[in-house]
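A.B. asks: here are the coordinates; sequence isn't available:
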């Protein structure tokens, strides 16, 4: 009888040790080493609330008067967000906040201009309005109130490097013909466009590399009156250092703990204990019966 109980205990201990070994083995880290010419990862956007903080306008000061254009509007903002300037509730220009500040070149309406700034996230959600700044541009500087102006339905537009970015621009006021120059902000020569009549026309460009660029459009009419519009052009993709792009990429070792085998083994271990117990009871009964 004592020998039988000893064998039963040993059988239990053996099953327990085997199950523990399987469990520990399933929880041990699996190490993967891989070399790739491109970084691997998972990217996604989780919608959230709009920006809570408003940008500021630090220049120009309230009550300023200007006789020359363009006017540089500067202020503080949240890095990475798109900042738009509005003059008398009309879109006047845009820039991406960089290092906590922005600079946007704008023109002005004749007379009083009320300026505000808003910042936008990638989902197009806007922040509260900035402080309001009122500036003036004297009426005497112009032949009339039909002043030339530029606008666009897109404050920011992008295309893949090597592909054509086409951008509709709205030209109004002034007297034709018009001379238009477009500086795309990537160091290439500005485009020069001739436009006979006001209306919507397209500008186009091919960015050679990924990046975010300030696009400055300048238009003048036959009376030498000028209008300015600053926008944000984007070459889609990750901005990289081309000088080091051919450097060897070292092997990266990533350690991952695999948990799912443990979850599968737990019920198997319990079943194994139950079957072992049933087998032992059956064996004991046969011994006693014999």
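C.D. replies: Right, received. Where do you want to start? As the structure is a prediction and not an experimental result, all values here were calculated from the model.
A.B. asks: quick one, strands of the stretch 1-150 of the chain?
C.D. replies: With DSSP state E, counting those that start in this stretch, the ranges of strands along the stretch 1-150 of the chain come out as 29-34, 71-76, 82-87, 90-96, 101-106, 111-120, 133-137, 149-151.
A.B. asks: list the buried residues for the fourth one?
C.D. replies: Meaning strand 90-96. 91, 92, 93, 94, 95, 96 (16 or more other Cβ atoms under 10 Å). Any C-beta I mention is one placed from the backbone N, CA and C, and that applies to glycine too.
A.B. asks: beta partners of the first one?
C.D. replies: Going back to what we said before, that points to residue 91. In this structure, residue 91 bridges to residue 86 when assessed by DSSP bridges.
A.B. asks: quick check: it touching residue 84?
C.D. replies: Yes: between residue 91 and residue 84 there is a contact under Cβ atoms under 8 Å: 6.3 Å.
A.B. asks: which of the strands of the stretch 1-150 of the chain has the lowest average pLDDT?
C.D. replies: Lowest mean pLDDT within the strands of the stretch 1-150 of the chain: strand 29-34, a mean of 40.
A.B. asks: hmm, back to that, what is the nearest of the buried residues of strand 90-96 to residue 151?
C.D. replies: residue 91 (6.2 Å; Cβ to Cβ).
A.B. asks: which residues are common contacts for residue 91 and residue 84?
C.D. replies: Shared contacts of residue 91 and residue 84, defined by Cβ atoms under 8 Å, 6 or more residues apart in numbering, are found at residue 155.
A.B. asks: show me where this protein dips below the pLDDT cut-off.
C.D. replies: 1-47, 140-145, 239-265, 267-269, 271-280, 282-285, 287-290 (pLDDT under 70).
A.B. asks: now for residue 238, how many residues are close by?
C.D. replies: For residue 238, the count of nearby residues is 7 (other Cβ atoms under 10 Å).
A.B. asks: how about it, nearest residue that isn't a chain neighbour?
C.D. replies: What sits nearest to residue 238 in space, not counting adjacent residues and going by Cβ to Cβ, 6 or more residues apart in numbering, is residue 210, at 6.1 Å.
A.B. asks: return the distance of the one you found relative to residue 189.
C.D. replies: 21 Å (Cβ to Cβ, to the nearest Å).
A.B. asks: higher neighbour count, the two?
C.D. replies: residue 210 (15 against 7).
A.B. asks: mind listing the strands for the stretch 151-290 of the chain?
C.D. replies: Going by DSSP E, counting those that start in this stretch, the stretch 151-290 of the chain shows strands at 156-159, 164-172, 178-183, 191-195, 199-206, 211-220, 226-235, 252-257.
A.B. asks: tell me which strands the fifth one pairs with, and in which orientation.
C.D. replies: Put plainly, it is strand 199-206. strand 164-172 (antiparallel).
A.B. asks: which of the residues in the strand it pairs with are classified as buried?
C.D. replies: For strand 164-172, a neighbour-count test (16+ other Cβ under 10 Å) marks 165, 167, 169, 171 as buried.
A.B. asks: what's the burial count for the nearest residue to residue 220 once chain neighbours are set aside?
C.D. replies: What sits nearest to residue 220 in space, not counting adjacent residues and going by Cβ to Cβ, 6+ apart, is residue 226, at 4.7 Å. Look at residue 226: counted by other Cβ under 10 Å, it has 18 neighbours.
A.B. asks: next: residue 84.
C.D. replies: 21.
A.B. asks: can you pull the contacts of it?
C.D. replies: 91, 92, 93, 94, 117, 118, 119, 120, 155.
A.B. asks: likewise for residue 102?
C.D. replies: Residue 102 touches 55, 74, 75, 77, 83, 95, 96, 117, counting by Cβ under 8 Å, 6+ apart.
A.B. asks: what about 7 Å?
C.D. replies: 74, 75, 77, 83, 95 (Cβ atoms under 7 Å, 6 or more residues apart in numbering).
A.B. asks: just residue 97 next, same as before
C.D. replies: Residue 97 touches 77, 78, 79, 80, 81, 83, 119, counting by Cβ under 7 Å, 6+ apart.
A.B. asks: looking at those, which one is closest to residue 139?
C.D. replies: Among the contacts of residue 97, and counting by Cβ to Cβ, the member closest to residue 139 is residue 83, at 29.1 Å.
A.B. asks: so that closest one sits against residue 126, correct?
C.D. replies: No: taking contacts as Cβ atoms under 7 Å, residue 83 lies outside contact range of residue 126: 10.5 Å.
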